[in-house]
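*Asks:* missing the sequence, but the structure's below:
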């Protein structure tokens, strides 16, 4: 399968703990995006990378959130000191470089905060 | 007011029916438009991509964009039970990197 891969698929943790998610984009894509989706809502943009550079962050990305994409390949999203409101599906997408390229999504990591 | 409005449904139709799904938007800078299908506990799957106004057809699916009315549609012909999913519209500005999504319409096709 050459689609976007995310790991883990489901993470359950206690409030206050740190969690880290991983995304492996489609290999030919140099743009990578993170979105958050809550129940009954569409995905909301969090941040975007072109190669290893993080070029845009949403106001939704509080200082407890950090994303990296070392070497321009896979990416990680870390949430520190998790809160109940962080419970959501975290989706990763990738695309080719260039204006208005369609974004292809992975199956997400579902985060549940106890 | 949200930038993208989409009726959440749910929508139930008999197998073989024509389905019409719609979104409206307020940002006139949106230039490219997509429809995604999302099955339960899965990520969004790209169905249709359209730039600017007009129609695009792919098999049983037709996407329409009316920029003058800020209105986009997805039509599904000869609907199948396997089409049962949530359909999300998404759109973006030229040169921008983030997409704006509707809330999704949950569709059930009854055999």
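*Replies:* Cool, the structure landed. The structure displayed is predicted, hence computed values, not measured ones. Numbers count the residues shown, from 1 in each chain, chains lettered A, B, ... in the order given.

*Asks:* list, one by one, the residues from chain A near chain B.
*Replies:* By C-beta under 8 Å from any C-beta of the partner chain, the residues of chain A that approach chain B are A:4, A:6, A:31, A:33, A:40-45, A:48, A:55-56, A:58, A:91, A:99-100, A:102-108, A:110. For glycine as for every other residue, the C-beta is placed from the backbone atoms N, C-alpha and C.

*Asks:* can you do 10 Å?
*Replies:* A:3-4, A:6, A:9-10, A:31, A:33, A:35, A:37, A:40-50, A:55-56, A:58, A:89, A:91-93, A:95, A:99-108, A:110 (C-beta under 10 Å from any C-beta of the partner chain).

*Asks:* can you tell me which of those residues are buried?
*Replies:* The neighbour-count test (16 or more other C-beta atoms under 10 Å in any protein chain shown) marks A:4, A:6, A:31, A:33, A:35, A:37, A:41-50, A:56, A:58, A:89, A:91-93, A:95, A:100, A:103-108, A:110 as buried among the residues of chain A next to chain B.

*Asks:* what comes up buried for stretch B:99-111?
*Replies:* Across stretch B:99-111, burial judged by 16+ other C-beta under 10 Å covers B:99-107, B:109.

*Asks:* ok, and the closest non-adjacent residue to the residue in chain B that chain A sits nearest to?
*Replies:* For chain B and chain A, the shortest gap (C-beta to the nearest C-beta) falls at residue B:101, measuring 2.9 Å. Nearest residue to residue B:101, sequence neighbours excluded (C-beta to C-beta, 6 or more residues apart in numbering or on different chains): residue A:42, at 2.9 Å.
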